[in-house]
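Asks: just the structure for this:
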Amino acid sequence: MNRNLWLLALLQGLLLTNNVTFIAINGLVGLSLATFGWLATLPVMGYVVGGSPPPSPGPRRVTVDRQAFSSG
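Replies: Numbering: from 1, shown residues only. Below you'll find the predicted structure:
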């Protein structure tokens, strides 16, 4: 196979491993530092919510004069 494809597959695996490790260690360190237990995972929540894309409305169908036009 192509060298770049192998490199991409390897780096994707490392990226996913890094995210899981980051979330696990951040929650444990936060638990030892936080004054309240619910504050321990607040940075992880910010990481997950900040990385999630907003939902897109998708293409809409608009009917004008018995003709369907696609917008979006």
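Asks: switch to C-alpha atoms for all contacts and neighbour counts from now on
Replies: OK.
Asks: could you pull out the helices for the protein?
Replies: Per DSSP state H, the chain carries helices over the ranges 3-33, 42-51.
Asks: weakest of the ones you listed in terms of mean pLDDT?
Replies: Among the helices of the chain, helix 42-51 has the lowest mean pLDDT, at a mean of 83.
Asks: can you list the buried residues in that helix?
Replies: Val44 (16 or more other CA atoms under 10 Å).
Asks: cool, stretch 18-37 as well?
Replies: Applying a neighbour-count criterion of 16+ other CA under 10 Å, the buried positions in stretch 18-37 are Ile23, Asn26, Gly27, Gly30, Leu31.
Asks: same question, stretch 5-17
Replies: Using 16+ other CA under 10 Å as the burial criterion, none of the residues of stretch 5-17 qualify.
Asks: just how off-centre is that stretch within its chain?
Replies: Averaging C-alpha positions (CA atoms, centre = their mean, to the nearest Å) puts stretch 5-17 17 Å from its chain's average.
Asks: since that was my last question, I'll sign off now.
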